[in-house]
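Undergrad: below are the sequence and a predicted model; questions follow.
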Amino acid sequence: MASFHRFSVVGNLTRFKAIRSMQSHKACCLQFSTSTSARSSHDYLHESILPTMHFQAGLPRLPIPKLDKSCQRYLASQEVMLDPDAFEHTKKVVEAFEKNEGQSLNSDLIANDKQNKHTSYVSDRWFHIYLADRVPVVLNYNPFMCYKNDERPEYNDQLIRATNMTVAAMKFMKTLRANKLDPEVFHLNPAKTDTPGFKKIARWIPSSLAAYYAILNKAFPLDMSQYFRLFNSTRVPQLGKDVLKTEPSGRHLLVIRNGHLYTFDVLDRDGNIVPPAEIQAHLQYILKDNTPPPEHPLGYLTTENRDIWASLRTQLVNTSARNTEVLDKIDTAVYCLCLDETAPEEAEDMNRNMLYGDGANRWFDKSFQLIICKNGLTACNFEHSWGDGVAVLRFFNETFKYTTETPSISPSSAPASIDSSQCVSRIQLDLDPQVKEGIKTARQKYMDYTGSLNVETKQSFSFGKDFLKSNKVSPDSVMQLAFQMGFYKLTGKVAGTYESCSTAAFRHGRTETIRSATKETKMCSQAFMEGSGVTDAEKRSLMQMCSDKHNQITKEAAMGQGWDRHLLALRFLAQDKELTPDIFTDPAYAAICHIIISTSTLSSPAVMAGGFAPVVPNGFGVGYGILDNEHGVNITSYPASYNVKDYVECVMGSLNQIHDVLQATSNSN
């Protein structure tokens, strides 16, 4: 099955961080203490030679591209989308912007950036985009990643896996907060830099300079400022714009089963992890609870429009003091564990369960939810405003490794002899008629819009990365070319396309867009059309051009040299000054920002699959993966888009065509 989210620093490194004021940012950094008092070393995943945040202070700042370069890159993306007359109009608009308003706006952007050296020029704006949007977070923002199953079937028992995952998550949290988690570093030459010797030297270099030492040795430290939001964090709905709430003092886990919410402590009063056998006993107690599902499940509230949910939350708070305490308990839980009664076997069922599932059994506002099904299938569904996928994937990989290599309990482990009824609390709120009606309405809306989502998954073992690399073409460029070819076959058009690329190599970097619809992919798509008369040798040459171009724009994006974030920042500045430059009112700008093909991937031995919904009603959400000898896609759509099944067939057919041409020309090449 396909997987989602691209993590790239000139290679495979995220899709769609919240920052605080300097005062609260300093406060959060205090969580990364080196103190080991009242802490047990067996509570850690490992104890890094380098402090977790060792490189953070010295990370290079996200560069603001040259205005003329952004304009050139923007026009190059537009040229493939527009007919000649429309392109000439847009070209004149862009040239006028570059000579006039763009100059003053860009100067202001640079001046503002110099006054805020603690962050990046996109961070605040990007943060605002997420939190100010009023649409429901489910489908619109929250993606999922599904863990591979444990190779030992007996360890996929729901209780066993839930216990081991909970212990692993707490070990990750403890290791992170003790400043003992290995720093996140992208190694171009791991044999030289991912070594004890390199780390020992780096340890003695001041934090303000350590990143430069690493970069000189072709090791690129990644921004870790988002990590503190992984735990004890929730997106809290408020009218107009939500806020992020993080309270590291919370010691309890939120568990949802059959629409009921439970809490119990997973850390003791000294901050140590509760013994695994006790966690196992508490989860077993919850799994055996036969209380009928509630008539008004609270989880549906988190699926609502954000302003509606904010109003209903205010109503809850005003109803009783208990409600205020309960909501705070939910907000400050270390994370949310969803124990589902479902047992998906088919790819589509898995996708639907992990992307949205039973709204009664979810709390989509938590920083992340671990969803564990009856058959042990496990996924992470995460709220996207607080950060990008780098932190989530690191958590994902570390917890998978721990649970599959050194799990805390085994199938023969017995739960602790403890009265879990004294430790586990089932949450209940006082619901007035207005809130009850709100839950009823939210549930119906949720059923309607999740029911309209189409999901299509295809996998092929005909070829993978090995074959493509042997033919000297980039595997990712081939997948992106196939999405363009497939859409061109289906519609005869080129669509606005998004591939996400991390800029985490920079301080408070977020993402940049790889605009993978290029002049080269359009020419190649046309060449592969039936009756084109283009020879296989010519097609191969065009594919090589596509690969070279894709490598170029990927490197530019990873280095913060795309046009999307730069123009976005200039547009926000123009709005602040009540200016309306023609470049932003040009229909071509709206069209290219209307992302029809939204794509994302990742490579990880822990990931079975991943996915997300389209970002526009008539678009496709394209999760994909390519491994050594296989490739696959996991594509979603709504009724307003082209038929997703037809699109998938066109994409997979295009991949077969690409394979056949490479195969036919490999000897001559």
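TA: Structure received.
Undergrad: is residue 444 part of a helix or strand, or is it coil?
TA: Counting by DSSP: H, G, I helix; E, B strand; the rest coil, the backbone at residue 444 sits in helix.
Undergrad: kindly report the same for the one 3 residues further on.
TA: Per three-state DSSP, the local secondary structure of residue 447 is helix.
Undergrad: what's the burial count for it?
TA: 13 (other CB atoms under 10 Å). All C-beta atoms are positioned from the backbone trio N, CA, C, and that covers glycine.
Undergrad: so that it lines up with my notes, have the first residue be 41 from now on.
TA: Let's use 41 as the start, then, which means that last one is residue 487.
Undergrad: if I look at the nearest residue to residue 136 once chain neighbours are set aside, how far off is residue 688?
TA: Distance criterion CB to CB, 6 or more residues apart in numbering; nearest residue to residue 136, sequence neighbours excluded, is residue 622 at 6.7 Å. Relative to residue 688, residue 622 is positioned 39 Å away (CB to CB, to the nearest Å).
Undergrad: how close does the residue nearest to residue 136 sit to residue 443?
TA: 55 Å.
Undergrad: wasn't residue 284 part of a strand?
TA: Yes: counting by three-state DSSP, residue 284 is part of a strand.
Undergrad: wait, isn't residue 528 in contact with residue 557?
TA: No: with contact defined as CB atoms under 8 Å, residue 528 does not reach residue 557; the gap is 9.7 Å.
Undergrad: tell me which of these two has more neighbours.
TA: More crowded of residue 528 and residue 557, by other CB under 10 Å: residue 557, with 26 against 22.
Undergrad: what's near enough to touch the more buried one?
TA: By CB atoms under 8 Å, 6 or more residues apart in numbering, residue 557 lies in contact with 117, 120-121, 524, 534-537, 637.
Undergrad: please redo it, this time with the cut-off set to 7 Å
TA: Counting by CB atoms under 7 Å, 6 or more residues apart in numbering, residue 557 touches 120, 524, 534-535, 537.
Undergrad: with residue 688 instead?
TA: 496, 498, 673, 675.
Undergrad: could you rerun that using 6 Å?
TA: 496, 498, 675 (CB atoms under 6 Å, 6 or more residues apart in numbering).
Undergrad: secondary structure element for the first one?
TA: Element membership of residue 496 [criterion: DSSP states H and E] is strand 494-500.
Undergrad: ok, the last one next?
TA: Following DSSP H and E, one finds residue 675 within strand 671-677.
Undergrad: next one: residue 442
TA: For residue 442, the host element (DSSP H and E) is helix 429-445.
Undergrad: just give me how far that helix sits from the chain centre.
TA: Put simply, helix 429-445 sits 14 Å off its chain's centre (CA atoms, centre = their mean, to the nearest Å).
Undergrad: same deal with stretch 380-399?
TA: Per CA atoms, centre = their mean, the centroid offset for stretch 380-399 relative to its chain is 19 Å.
Undergrad: likewise stretch 262-281?
TA: For stretch 262-281 - counting by CA atoms, centre = their mean - the centre lies 13 Å from the chain centre.
Undergrad: what's next to that stretch, contact-wise?
TA: Around stretch 262-281, the neighbours that count as contacts under CB under 6 Å, 6+ apart are 57, 68, 71, 99, 171-172, 213, 216, 224, 282-288, 290, 346-347, 349-350, 353, 371-372, 374, 405-407, 423, 425-427, 431, 544, 547-549.
Undergrad: before we move on, back to that, for the contacts of residue 557, which one is nearest residue 250?
TA: residue 537 (37.6 Å; CB to CB).
Undergrad: re the thing from before, so which of the contacts of residue 557 sit within helices?
TA: Among the contacts of residue 557, the residues falling in helices (DSSP state H) are residue 524.
Undergrad: hmm, which of the contacts of residue 557 is lowest in pLDDT?
TA: Ranked by pLDDT, the contacts of residue 557 bottom out at residue 535 (93).
Undergrad: what's the closest non-adjacent residue to residue 373?
TA: Nearest to residue 373 is residue 294, by CB to CB, 6+ apart, at 3.6 Å.
Undergrad: pLDDT weak spots in this structure?
TA: 41-81, 708-709 (pLDDT under 70).
Undergrad: could you redo the last one with a cut-off of 90?
TA: Along the chain, segments meeting pLDDT under 90 span 41-82, 427-430, 641-645, 667, 706-709.
Undergrad: just to revisit the earlier point, what helices or strands is the helix holding residue 442 leaning on?
TA: helix 198-217 (3 or more CB pairs under 6 Å, 6 or more residues apart in numbering; DSSP states H and E).
Undergrad: and the gap between the closest residue to residue 441 other than its chain neighbours and residue 438?
TA: Closest residue to residue 441 apart from its sequence neighbours, by CB to CB, 6+ apart: residue 646 at 7.3 Å. Plainly put, residue 646 is 9 Å away from residue 438 if you go by CB to CB.
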